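Undergrad: no sequence on this one, just coordinates:
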């Protein structure tokens with residue numbers, strides 16, 4: 001059973017930055033593709049970014065390209081999402097999961113609010 005725990009959310013002003021962390025409890029993270037998802041108020045959950053196993057490759061949803069950076073540290077079993085130049089429309093609950101997602105692995109998420 002894989003468990004994923006998100007952290008690092010908060011309240012930030014437009015133009016600010018946050019770094020989200022996803023800690024993965026698994027025997028090894030090396031072979032898992034991990035994604036970040038977000039759910040804005042009143043909207044469906046959507047994929048934001050993902051990173052594959054070794055060698056890692058990345059994908060970004062168009063609205064976050066150039067502003068978000070996903071990375072992974074297999075030794076720490078962690079995946080990160082560096083979010084810069086944040087916009088109010090980035091507000092939502094952020095989750096990590098395998099990619100593609102597994103319904104059994106959704107965690108509590110971490111709230112990101114971008115507001116002045």
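TA: Looks like it arrived, so ask away. Treat the numbers as computed from the prediction; the structure is a model and nothing was measured. Numbers count the residues shown, from 1 in each chain.
Undergrad: all contacts plus neighbour counts: C-alpha atoms, from now on.
TA: OK.
Undergrad: For the residue minimising distance to the centre of the chain, grab phi and psi.
TA: What sits nearest the mean C-alpha location of the chain, by C-alpha atoms, centre = their mean, is residue 36, with 3.0 Å. The phi/psi pair for residue 36 (degrees, to the nearest 10) reads phi -110, psi 140.
Undergrad: Tell me the spacing between the closest residue to it other than its chain neighbours and residue 90.
TA: Spatially, and ignoring its direct neighbours in sequence, residue 36 is nearest to residue 96 (4.5 Å; C-alpha to C-alpha, 6 or more residues apart in numbering). Using C-alpha to C-alpha, to the nearest Å, we find residue 96 at a distance of 15 Å from residue 90.
Undergrad: neighbour-wise, which of the two wins?
TA: With neighbours defined as other C-alpha atoms under 10 Å, residue 96 and residue 90 compare such that residue 96 has more, 33 against 20.
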